[in-house]
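S.K.: Just the structure for this:
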Amino acid sequence: MAGLKALGYEFDNDEFHAYVHGRLPYEKLRPDPVLRNLLLSMPQRKIIFTNADKAHARQVLKRLGLEDCFEGIICFETLNPPVEQADFMDALDDNHVLAEGDQELNSAIPKSPILCKPLLEAFEAAIRVANVNPKKTIFFDDSTRNIASAKAAGLHTVMVGSSILVPGADYALSSIHNIKEAIPEIWEGEDEQMEQVIQSAAVETAVLA
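M.R.: Model prediction:
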């Protein structure tokens with residue numbers, strides 16, 4: 001979508017997402033009780049940051065049995081609201097909005113028609129929307145480009161789906177299920193470096209048994 005928009009093509013964003021995501025095999029996703037238990041046991045805030053639209057993110061969370069494991073979702077609509085609307089933070093509970101009317105966020109959005117990962121500006125905007133200190137926040141993703149941008153934005157970073165450290169990654173997990181063994185600090189007391197967590201969208205990460 002970002003490439004098409006940059007080339008000057010105009011189309012409805014919601015229709016595009018509905019067409020692309022409407023053909024995905026959601027039925028192949030199964031509940032992941034191991035990941036669910038890990039997420040629920042984490043004392044920190046957990047927020048999804050995804051390039052997908054909210055409908056896709058919610059569908060995947062529901063299929064994985066994780067819909068109540070996150071405080072909210074920073075999604076496509078969050079960083080690319082309709083022109084007539086102010087920015088907003090979509091949450092799993094529609095009555096729970098984390099941020100509204102952030103003028104600083106609007107000023108950070110570049111002239112590019114679509115704001116999304118791996119743009120550094122997208123990470124900076126997400127940090128503002130979530131109202132977190134990047135130095136006390138961990139970002140999980142399976143994209144090397146996203147990891148590099150997250151590190152540039154000041155976040156602690158975890159590469160998921162590979163045991164090889166990529167540029168910008170502080171940790172590398174072959175499976176998200178290994179998080180407690182790899183980063184036990186998350187569960188150890190009130191370590192200031194682990195006060196808040198941005199959890200990248202599980203919909204983009206292969207869950208390994």
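S.K.: Tell me which residues touch the closest residue to Pro33 other than its chain neighbours, please.
M.R.: Closest residue in space to Pro33, ignoring its immediate chain neighbours: Gly65 at 6.9 Å, by CB to CB, 6 or more residues apart in numbering. (C-beta placed from N, C-alpha, C; glycine too.) Taking CB atoms under 8 Å, 6 or more residues apart in numbering as the criterion, Gly65 is in contact with 31-33, 36.
S.K.: Please list only the buried members of the residues you listed.
M.R.: The neighbour-count test (16 or more other CB atoms under 10 Å) marks 32, 36 as buried among the contacts of Gly65.
S.K.: wait, which of the contacts of Gly65 is closest to Tyr171?
M.R.: Nearest to Tyr171 among these, counting by CB to CB, is Asp32 at 20.0 Å.
S.K.: Next one, pLDDT for the closest one please.
M.R.: In this model, Asp32 is scored at 98, pLDDT.
S.K.: Quick check, pLDDT for the residue nearest the centre of the chain.
M.R.: With distances taken as CA atoms, centre = their mean, the residue of the chain nearest its centroid is Phe49 (1.7 Å). On the pLDDT scale, Phe49 is placed at 98.
S.K.: Please verify my assumption that it contacts Gly72.
M.R.: No: the pair Phe49 / Gly72 is not scored as a contact, 10.0 Å apart, by CB atoms under 8 Å.
S.K.: Strands along the protein, start to end?
M.R.: Ranges of strands in the chain, per DSSP state E, are 45-49, 72-74, 137-141, 156-160, 171-173, 196-200.
S.K.: Distance to Ala182 added to those strands, as CSV?
M.R.: Converted to CSV, the strands of the chain look like this (distance: least, CB to CB, whole Å):
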stretch, distance to Ala182
strand 45-49, 17
strand 72-74, 24
strand 137-141, 11
strand 156-160, 8
strand 171-173, 6
strand 196-200, 14
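S.K.: Of all these, which one is nearest Ala130?
M.R.: Of all the strands of the chain, strand 45-49 comes closest under CB to CB, at 5.2 Å.
S.K.: I'd like the distance from that closest one to the chain centre, please.
M.R.: 6 Å (CA atoms, centre = their mean, to the nearest Å).
S.K.: Now do the contacts for the residue nearest to Leu79 when sequence neighbours are not counted.
M.R.: Once flanking residues are discounted, Leu79 sits nearest to Leu115: 4.4 Å by CB to CB, 6+ apart. Listed by CB under 8 Å, 6+ apart, the contact set of Leu115 reads 79-80, 109, 121-122, 125.
S.K.: repeat for Pro134
M.R.: 127, 153-155.
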